[in-house]
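Participant: Mind looking at a prediction? Sequence and model below.
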Amino acid sequence: MVASTGEVGSDLLFEVDRFYATQQMQLDSGDVEGFGKSFTEDATFALGAGDSVPGGRAGIVAVMRGLVERFQAAAVHRHHWFGMRQVDHSDDGAIRAVYYAIVSHTSSEGAVKLDPSSVVTDHLVRAADGALAVRSRRIVLDLPGRA
Amino acid sequence: MVASTGEVGSDLLFEVDRFYATQQMQLDSGDVEGFGKSFTEDATFALGAGDSVPGGRAGIVAVMRGLVERFQAAAVHRHHWFGMRQVDHSDDGAIRAVYYAIVSHTSSEGAVKLDPSSVVTDHLVRAADGALAVRSRRIVLDLPGRA
Amino acid sequence: MVASTGEVGSDLLFEVDRFYATQQMQLDSGDVEGFGKSFTEDATFALGAGDSVPGGRAGIVAVMRGLVERFQAAAVHRHHWFGMRQVDHSDDGAIRAVYYAIVSHTSSEGAVKLDPSSVVTDHLVRAADGALAVRSRRIVLDLPGRA
């Protein structure tokens, strides 16, 4: 794990909050291309200790498109909820964010269920245009063998 | 939709966060009059593409009082949870907030269920005393035909 | 209830957010000792109008260790989610935070359930090293007879 070199100021923390709100609203509304642009071209995206999705941003978009289409076909509305976030500078110049995530699924009849919660660790960097982008995301689901 | 003319600073964002926390704690604790004061006299409040509640603030208070009494009679505790909020200045001088909302219901036996999630768009303005107030609220529930 | 003497600035609000994120990640990950250090030695911790856990920090740690061990034995992952928080200065120099809390439980099969929601009122003070610490916590669960 990359060490922390200090806390972030309030302006950066707000920018990070906004970044996640935009990113997840894109994903939940089915804008997979927009969602993809919030990752670097060579971003890694991994579940637990497992391998990363291959192919960087393009691979992440492909996986997310499949998920989005599956839920759309089932008429399920998903919302990603992030909470309890901590944001630090990491010693390689990235921004490290650690937070809880949980996903609500609302069926066409209005029944709501929650997917297993997770703890997510992101490293964010600046893209060429100055915007934030995810360089790496690691999601640890609260299931056995996913540490 | 009113265009955004820029992001808000951290002080305003905090004020907005606090405004929502106060407003929803009023609603969830049954202080419908206090809740009503967080809307302008002529506020609009609409579900999806449907018509707005008629009567401005007074109409909103009447609808909310009915809901609050119904849940109190059933001994259900409700909590409104907002998340993933984005706050911008809109080009007519209002503050536009877009966020997810979900409502938890706890029964007198301790069973918890969630209402269908929603995406809410508010326009906030300053009341005569300088406090924030909702001028318009549009709630898009995650149910078919509610876009 | 201690009266409020004013709102907090954004830097303090962020510090409070971070304090809670750290505290709850410690609890949810089973670091009960770390969690305990976020309370003063003589902290009070009460459910509703009931008596406080006896013994200050040591008593709180003992109760929490029992809970953590019980959920670990059942292979249940818990996450505490705080929302809709309000933070003020109280007139005795403490920081008063009021917020909603809800706890998600994920079973080893991935089923998620929520514990009854609550409204929590904390008074935070500065420890000798300048860090925040909970001097008192009162949790009002949304269940009958818990006001």
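Facilitator: Sure, I can see it.

Participant: Report the central residue of chain A.
Facilitator: The centroid of chain A falls nearest to A:Arg137 when counting by CA atoms, centre = their mean (6.5 Å).

Participant: Please name the bridge partners of it.
Facilitator: On the basis of DSSP bridges, A:Arg137 is bridged to A:Phe45, A:Asp122.

Participant: Got phi/psi on A:His105?
Facilitator: When read as degrees, to the nearest 10, the backbone of A:His105 gives phi -120, psi 120.

Participant: Chain C contacts on chain A?
Facilitator: Residues of chain A lying near chain C by CB under 8 Å from any CB of the partner chain: A:7, A:10, A:13, A:83-86, A:98-100, A:102, A:113-117, A:119, A:142-144. (Each C-beta comes from the backbone N, C-alpha and C, glycine too.)

Participant: hmm, 6 Å instead?
Facilitator: Residues of chain A found near chain C (CB under 6 Å from any CB of the partner chain) are A:Ser10, A:Leu13, A:Gly83, A:Met84, A:Gln86, A:Tyr100, A:Leu114, A:Pro116, A:Ser117, A:Asp142, A:Leu143, A:Pro144.

Participant: Filter the residues you listed down to the buried ones and hand me the PyMOL line.
Facilitator: With 16 or more other CB atoms under 10 Å in any protein chain shown as the criterion, this PyMOL line picks the buried residues out of these:
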select buried, chain A and resi 10+13+83+84+86+100+114+116+117+142+143
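
Participant: now, which of the residues of chain A next to chain C lie within strands?
Facilitator: Here DSSP state E is the test, and the residues of chain A next to chain C give A:Gly83, A:Met84, A:Gln86, A:Tyr100, A:Leu114 as lying in strands.

Participant: Spatially nearest residue to A:Ala94 (excluding sequence neighbours)?
Facilitator: Spatially, and ignoring its direct neighbours in sequence, A:Ala94 is nearest to A:His123 (4.3 Å; CB to CB, 6 or more residues apart in numbering or on different chains).

Participant: Can you give me the neighbour number for the one you found?
Facilitator: 20 (other CB atoms under 10 Å in any protein chain shown).

Participant: For the ones in strands among the residues of chain A next to chain C, give me JSON lines that also has pLDDT and distance to C:Ala43.
Facilitator: What follows is those, written out as JSON lines (pLDDT from 0 to 100; distance: CB to CB, whole Å):
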{"residue": "A:Gly83", "pLDDT": "97", "distance to C:Ala43": "24"}
{"residue": "A:Met84", "pLDDT": "97", "distance to C:Ala43": "21"}
{"residue": "A:Gln86", "pLDDT": "95", "distance to C:Ala43": "23"}
{"residue": "A:Tyr100", "pLDDT": "98", "distance to C:Ala43": "24"}
{"residue": "A:Leu114", "pLDDT": "97", "distance to C:Ala43": "32"}
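
Participant: OK, contacts around the residue nearest to A:Ala94?
Facilitator: A:His123 is in contact with A:Ala94, A:Arg96, A:Arg135, A:Ser136, counting by CB atoms under 6 Å, 6 or more residues apart in numbering or on different chains.

Participant: and the first one, what pLDDT?
Facilitator: Model confidence at A:Ala94, expressed as pLDDT, equals 96.
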